[in-house]
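Visitor: How does the following fold in three dimensions:
(chains A, B and C)
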Amino acid sequence: MNPPSPIAITGMGAISAIGEDVAANFRSLVQSRHGIGPITLLDTYHRDKLMVGEINITNTELYDRLAIPRHEAYTRSTLLAMAAAREAMAMAGIDTNDDYRTGLISATTVGGMDATERYYDDYLAAETNRHFIPTHPCGYGTEQMARYLGVNGFITTISTACSSAANAIMLGARMIRAGLLDRAIVGGTDCLSRFTINGFNSLMIYSPTHCRPFDENRDGLNLGEAAAYLVLEAPDLAARQSKKPLAYLTGYGNANDAFHQTASSDNGEGAFLAMKTALELAALKPSDIDYINAHGTATPNNDLTEGHALLRVFESPDALPPFSSTKAFTGHTLAAAGAIEAIFSVLALQHQVVFANLNCSQPIASLGIRPQTRLETKQINHVLSNSLGFGGNSSALLFSKADD
Amino acid sequence: MSELTQELKAKIITQLNLEDLTVDDLDDNTPLFGDGLGLDSIDALELIVMLDKGYGIKLADPKEGRKVFETIQTMADYIEANRK
Amino acid sequence: MIRPIYIHGSGCVSIQPTFESGYHFETLRAYAQNTVPAFDPDYKTYIPPMQLRRMNKSMRMAIFAARSALQEAGKDTADAVIAGTGLGCLHDSERFVETLLAEEGQSLNPTPFIQSTHNMAAAAIALSLGCKGYNMTYVANANSFESALLDAQIYLAEHPEQAVLVGGVDELGVRTVQFWDIAGYLKHDTPAIPTPLGAMPSPGEIAGEGASFFVASHQPGHEALGKVTAVETYFDATDASVFISHFLQRHNLDASAIDAVLLGYNGDDRYDQAYATVEHTLLAGIPQIGFKHVLGEYDTVMASALFLALRLFKRQDIPQSLLLNGTQPRSLQRILIYTQRRGKNHGLILVEKK
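Guide: Residues are numbered from 1 along each chain as shown, chains lettered A, B, ... in the order given. Predicted coordinates:
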């Protein structure tokens, strides 16, 4: 079987707790420098109690960096998204005024909730902040992004919990393959909010300390905030403009666990199906995969069931390539996670390096698998990246090295 | 003791929206999870909130809940032994 | 070009009795209020009590509409579920915000948080059907359903042997309605469903809620209700007649080839002009059908407009209360649906009988 032509990745932009651009994120990854610490910007009861991956830039600073007038209403997720998407477009060198059809597909779960929770009572009482009312829906920020970035073509927003950005990336690739777009700016964004911090805390899966993905004694996640976007282009378009892709997106898959609203099935059925679909689409065998950027949230349920799914795909612990969760660096960035980890996957291919899974000292006994705990240089041709969410939403993306 | 079990039944019905059930439908010894009443892990979290708000008992680890919430009776026993 | 997809079953919960079998919009429920909650079916028909007890309105309406669509299509399940929702599970979102504002630091009930997640309706359908296939949720304001429908077209082009459930759902909130009111979205002057259009112009929309789902595949089958030929969206557009005429050109159609057009008039005199422009120019002389004046306004009302279009194909008769302008066409074979909300999120769906 001939796989469909790969999708070229020509630009990337990222802002997270470990860096304000892609280069800074990479430096932190190779120096094993995490971004998890106490809450400093968000006004919440949990300020001195829970650890987060916070981006140490205020909204006002973001307004200024993006040259947005102070009186306009942009919520934090959108501000972060515009910063990251701008970097991605600059790296790709695309001009939205040329004749190519450019789409914007963004993912978010928080949307404008940070403003809504802040002004929930204030809106009723005073006029001052009412211009933020329209910012609540998840789709609103994408529309603001489109205007800011000058994207006049197709735009949409995806919200499928923690797999959102992976699904946005997948839709961009599918639309290019279907001939509906020439290129797509794809990714996701989520800022920290009281809503999500309290939400995960109420589920009793928020770690009181640093999260420990794939560790026997893991006790939950740390939330983080991030925005990450990639520019996808039809391969012939990239070639015509003599652009050398950073890497290729060669496979993707989405499936539903159809087991429970929040918990994954014991054998990780959804994750298994998603990985299998991605491999089949790319016409690759499990043994072709050189590194897996796992979802690895460090909740008891996720890491165990994802581990089972990995073992089902790769068949034995010995056949499992090096894998790591980078969430101990960034925190779980929800709708941005699939995109920031897509960028980490591309960085792994570009620099031929496997990133460390921090804080794992005792692997999960029942699985018999051990994540990569130290940075390692090795030959990497194909990287698999998992994103798994509430509602059983499971996605896998497969990235392949660009020719030298 | 039976006063407490009756109270728990009423609270569980309200908190978990078991609107088709009445207090009389619930037996003290019916398993709440699995093949019994059929509650799930989200219900277990709701019951943990109920223990805290109603009886001042905090369960730090959701895994502890499995034993505590086996039946109405085990819940009642646990509350009697631990309430403040 | 993406190929048409055939619709084999449809289900709709709305502020009208659309869930009743064979409902044809002839008897309408009237309301004199703003907002208008859905006219509920008996959700227990399709949802076991242990599942229903925790489900919010979006999940209930979505499962009911999806199950109704499957039943009409004579199927037990589908291979994929693709949904659109402008605001997701709004009521649970409000509940969790209110709880955390009042009680942050204490034990918070987790259920509203879980169920505030935007993909919960599509997930609930998958869970209810045991459908492990592709599952997607679009949250593109008033173009959410159009995004889902476009994805269904792409998905079926990739998987020509499969069948998908595609639809849209939106529910009303409580506090959010107050916010909409402050923002000037809502109609104050004698709100009424059916909304009188044209007679006494006034600003504001009447907010409703609902869910519509469809079973779609690439196979025409014997009893397809119709086929969706094209769907397009324009987030920001100034002149509807320009993009509609380009749309028709791209599909090699002359305006006269359209038998009827569904227009999203909602009685908000600030934005209804968009429809009036095309009604009097590009689409002049073509029968005009309204739907928001009987269904209310919400982000995914476009899905219910598609439901209506398919019903019109079946009956070949436009109820008088929906016919805004023009006369009954001799035959209804091709319908164009055009909607926008507050001057943004323009959407077009071209649907044909055969």
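
Visitor: which regions of the chain lie under the pLDDT threshold?
Guide: Chain wasn't specified; assuming chain A. A:1-2, A:404 (pLDDT under 70).

Visitor: wait, I meant chain B there
Guide: B:1.

Visitor: Can you name the residues of it sitting close to chain C?
Guide: Within chain B, the residues that sit near chain C (C-beta under 8 Å from any C-beta of the partner chain) are B:15-20, B:38, B:42, B:45-46, B:48-49, B:52-53, B:58. Yep, even glycine has a C-beta here, placed from its N, CA and C like the rest.

Visitor: which SS state does residue A:397 fall under?
Guide: Assigned with DSSP: H, G, I helix; E, B strand; the rest coil, residue A:397 falls in the strand class.

Visitor: Okay, and residue A:124 sits in which element?
Guide: Secondary structure from DSSP states H and E places residue A:124 in helix A:122-125.

Visitor: Give me the packing partners of that helix, helices and strands only.
Guide: helix C:175-182 (3 or more C-beta pairs under 8 Å, 6 or more residues apart in numbering or on different chains; DSSP states H and E).

Visitor: What pairs with the helix or strand just after the helix it packs on, parallel or antiparallel?
Guide: Counting by DSSP H and E, the next helix or strand C-terminal to helix C:175-182 is strand C:210-217. Sheet pairing for strand C:210-217, assigned by DSSP bridges, gives strand C:5-13 (antiparallel), strand C:163-170 (antiparallel).

Visitor: Near chain A, which residues of chain B? Just list them.
Guide: Counting by C-beta under 8 Å from any C-beta, the residues of chain B close to chain A are B:40-42, B:45, B:48-49, B:61-62.

Visitor: re the thing from before, can you add mean pLDDT and mean neighbour count and give the strands paired with strand C:210-217 back as CSV?
Guide: Output for these, formatted as CSV (pLDDT from 0 to 100; neighbours: other C-beta atoms under 10 Å in any protein chain shown):
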stretch, mean pLDDT, mean neighbour count
strand C:5-13, 98, 27
strand C:163-170, 98, 32
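
Visitor: and those strands as TSV, adding distance to residue A:56?
Guide: As requested, those are exported to TSV (distance: least, C-beta to C-beta, whole Å):
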stretch	distance to residue A:56
strand C:5-13	47
strand C:163-170	37
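
Visitor: quick one: the helices in chain B?
Guide: Listed in chain order, the helices of chain B (DSSP state H) span B:2-15, B:41-55, B:62-68, B:72-82.

Visitor: Distance to residue C:189 and mean neighbour count for those - can I get that in a markdown table?
Guide: Below are the helices of chain B laid out as a markdown table (distance: least, C-beta to C-beta, whole Å; neighbours: other C-beta atoms under 10 Å in any protein chain shown):
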| stretch | distance to residue C:189 | mean neighbour count |
| --- | --- | --- |
| helix B:2-15 | 41 | 16 |
| helix B:41-55 | 44 | 19 |
| helix B:62-68 | 53 | 14 |
| helix B:72-82 | 55 | 17 |
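
Visitor: The residue nearest the centre of chain C: which element?
Guide: Centroid check for chain C by C-alpha atoms, centre = their mean gives residue C:303 as the closest residue, at 2.4 Å. Using DSSP H and E, residue C:303 sits in helix C:301-315.

Visitor: Could you do residue A:5 as well?
Guide: Using DSSP H and E, residue A:5 falls outside every helix and strand.

Visitor: Next, count neighbours for it.
Guide: Residues lying near residue A:5 (other C-beta atoms under 10 Å in any protein chain shown) number 13.

Visitor: which ones are touching the closest residue to it other than its chain neighbours?
Guide: Take residue A:5 and drop its neighbours on the chain: the residue closest to it by C-beta to C-beta, 6 or more residues apart in numbering or on different chains is residue A:235, 5.0 Å away. For residue A:235, the contacting residues are A:5-8, A:245, A:248, by C-beta atoms under 8 Å, 6 or more residues apart in numbering or on different chains.

Visitor: again, 7 Å this time
Guide: A:5-8 (C-beta atoms under 7 Å, 6 or more residues apart in numbering or on different chains).

Visitor: what do you get for residue C:339?
Guide: C:264, C:302, C:305, C:347.

Visitor: For chain A, what's the nearest residue on chain B?
Guide: Residue nearest to chain A within chain B: residue B:62 (4.8 Å; C-beta to the nearest C-beta).

Visitor: ok, that residue touching residue A:204?
Guide: Yes: counting by C-beta atoms under 7 Å, residue B:62 does reach residue A:204; the two are 4.8 Å apart.

Visitor: where does residue C:19 land in three-state SS?
Guide: Going by three-state DSSP: residue C:19 is coil.

Visitor: Leaving aside the residues adjacent along the chain, what's closest to it?
Guide: If the residues on either side of it in the chain are set aside, residue C:19 comes closest to residue C:41, at 4.1 Å by C-beta to C-beta, 6+ apart.

Visitor: separation between the one you found and residue C:114?
Guide: Using C-beta to C-beta, to the nearest Å, residue C:41 is found at 25 Å from residue C:114.

Visitor: neighbour-wise, which of these two wins?
Guide: More crowded of residue C:41 and residue C:114, by other C-beta under 10 Å: residue C:114, with 23 against 19.

Visitor: what about residue A:60, how many residues close to it?
Guide: Under the neighbour criterion other C-beta under 10 Å, residue A:60 is assigned a count of 10.

Visitor: sorry, that was for residue B:29
Guide: 12.

Visitor: For the closest residue to it other than its chain neighbours, list the residues it contacts.
Guide: Spatial nearest neighbour of residue B:29, excluding adjacent residues (C-beta to C-beta, 6+ apart): residue B:71 at 5.1 Å. When contacts are counted by C-beta under 7 Å, 6+ apart, residue B:71 touches B:28-32.

Visitor: can you pick the most crowded of those?
Guide: Among the contacts of residue B:71, the one with the most neighbours (other C-beta under 10 Å) is residue B:32, at 20 neighbours.

Visitor: In chain A, which residue sits nearest chain C?
Guide: residue A:391 (2.8 Å).

Visitor: show me the biggest helix of chain A in terms of residues.
Guide: Max-length helix for chain A by DSSP H is helix A:76-92.

Visitor: re the thing from before, with distance to residue C:177 as extra columns, can I get the residues of chain B next to chain A in a markdown table?
Guide: What follows is the residues of chain B next to chain A, written out as a markdown table (distance: C-beta to C-beta, whole Å):
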| residue | distance to residue C:177 |
| --- | --- |
| B:40 | 32 |
| B:41 | 33 |
| B:42 | 28 |
| B:45 | 29 |
| B:48 | 33 |
| B:49 | 28 |
| B:61 | 40 |
| B:62 | 36 |
